[in-house]
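Visitor: A predicted structure for the sequence below; I have some questions about it.
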Amino acid sequence: MERVPILKIGDILLVSIQLDMSDQTAVQLQEDLAERIVATGCHGVIIDITALDIVDSFVGRMLSTIASISKVLDAETVVVGMRPAVAITLVELGLSLNGIRTALNVERGMELIAAAHADELDYQLDDDLDAETATP
Amino acid sequence: MTAGIDLGQPQAQSVRSDEDVVRVRQLVRAVAVASKLSLVDQTKVVTAASELARNTLVYGGGGSVEVTVVDNGRRKGVQIVFADSGPGIADLDLAMTDGYTSGGGLGLGLSGSRRLVDEFQIETSAETGTRITVTKWSR
């Protein structure tokens, strides 16, 4: 079985799917990513599907599952590079890709993750301030 | 991979494993390109083939796929037959409903792939298994 490589770039894990994945390869990627998120403490995952000719219901479900798993592990997932024909087909197939954030390319995906992480830090900072003012 | 395929003849691919589902996708793509389907139509028929080949494997216990270039005099198209000798589909109406699944899937395989093709025909029985024929025509 082939495996999809996972690259670490700064605080982000980048997965560029370059092969026609078997279902087993897709499931393996899910597990590999969960492990890498925990091992690296990364806050963002970018899945680049530019090279994918199709996204069927199995791969669509894998993308949703990865987004959910990474959320639980404190990381944001962004799917980038979907081809127009793939988007049209996905919608007609009836897949909604629930909970998945998308961006047109890797660069925009990185911006999205950086923004989401900055928001989160602000939020935590606000919490800390509230806690301080609440203390007499 | 696509070189050497005689598209005048039906192309057969057995479906016994995950990797065979990948091969079905590649075969259907090659035939769809040869039939001059548009990129969107290629994508749709390959996606439908992926769903149905997976059904053949998971629910039918494996089977075979046959891909043929068809010509109705006005247009060319791709016809794909998915055959298995599995237990058949007990309640076809229910199986064709969006979101219904007897396995662990999303329940979009049958209903979704029907939307992606132009013609969709299904014969199923407990004795002979399931046989699905789909056709996608060029525009």
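Guide: Sure, I can see it.

Visitor: Let me see the ranges of the strands in chain A.
Guide: Taking DSSP state E, the strands of chain A run over residues A:6-9, A:12-16, A:44-48, A:76-80, A:101-103.

Visitor: near chain A, anything from the lowest-mean-pLDDT helix or strand in chain B?
Guide: Among the helices and strands of chain B, helix B:92-95 carries the lowest confidence by mean pLDDT, DSSP states H and E, at a mean of 87. No. Helix B:92-95 lies out of reach of chain A by C-beta under 8 Å from any C-beta of the partner chain, never closer than 14.6 Å. All C-beta spots, glycine's among them, are computed from the backbone N, C-alpha and C.

Visitor: tell me which element the most centrally placed residue in chain B falls in.
Guide: What sits nearest the mean C-alpha location of chain B, by C-alpha atoms, centre = their mean, is residue B:49, with 3.7 Å. Using DSSP states H and E, residue B:49 sits within helix B:39-58.

Visitor: got the buried residues for that helix?
Guide: B:40-58 (16 or more other C-beta atoms under 10 Å in any protein chain shown).

Visitor: Could you tell me which residues of chain A lie near chain B?
Guide: So far as C-beta under 8 Å from any C-beta goes, chain A lies against chain B at A:20-25, A:53-58, A:60-61, A:83-86, A:88-89, A:92-95.

Visitor: correct me, but residue B:139 touches residue B:41?
Guide: Yes. Using C-beta atoms under 8 Å, residue B:139 is in contact with residue B:41, at 7.0 Å.

Visitor: How about the contacts made by the spatially most central residue of chain A?
Guide: By C-alpha atoms, centre = their mean, chain A has its centre lying nearest to residue A:77, at 2.0 Å. With contact set as C-beta atoms under 8 Å, 6 or more residues apart in numbering or on different chains, residue A:77 has these partners: A:44-47, A:63, A:66-67, A:70-71, A:100-101.

Visitor: Could you measure from it over to chain B?
Guide: According to C-beta to the nearest C-beta, to the nearest Å, residue A:77 and chain B sit 19 Å apart.

Visitor: Tell me the spacing between residue B:47 and residue A:94.
Guide: Noted for residue B:47: a distance of 11 Å to residue A:94, by C-beta to C-beta, to the nearest Å.

Visitor: Repeat that for residue A:13.
Guide: 29 Å.

Visitor: Counting neighbours, go ahead and name the busier of those two.
Guide: residue A:13 (24 against 18; other C-beta atoms under 10 Å in any protein chain shown).

Visitor: Residue numbers of chain B in contact with chain A?
Guide: Near chain A, when you scan chain B using C-beta under 8 Å from any C-beta, you find B:18-19, B:21-22, B:25-26, B:29, B:39-40, B:42-44, B:46-47, B:50-51, B:54, B:98, B:105-106, B:108-109, B:111-113, B:115-116.

Visitor: Swap in 7 Å and give it another go.
Guide: Contacts of chain B with chain A, taken as C-beta under 7 Å from any C-beta of the partner chain, map to B:18-19, B:21-22, B:25-26, B:29, B:39-40, B:43-44, B:46-47, B:50-51, B:54, B:98, B:105-106, B:108-109, B:111-112, B:115-116.

Visitor: For the residue nearest to residue B:129 when sequence neighbours are not counted, give me phi and psi.
Guide: Leaving aside its chain neighbours, residue B:129 sits nearest to residue B:85 (3.9 Å; criterion: C-beta to C-beta, 6 or more residues apart in numbering or on different chains). Backbone torsions of residue B:85, given as degrees, to the nearest 10, read phi -110, psi 40.

Visitor: I'd like to know how many residues surround residue B:85.
Guide: The number of residues near residue B:85, taken as other C-beta under 10 Å, comes to 15.
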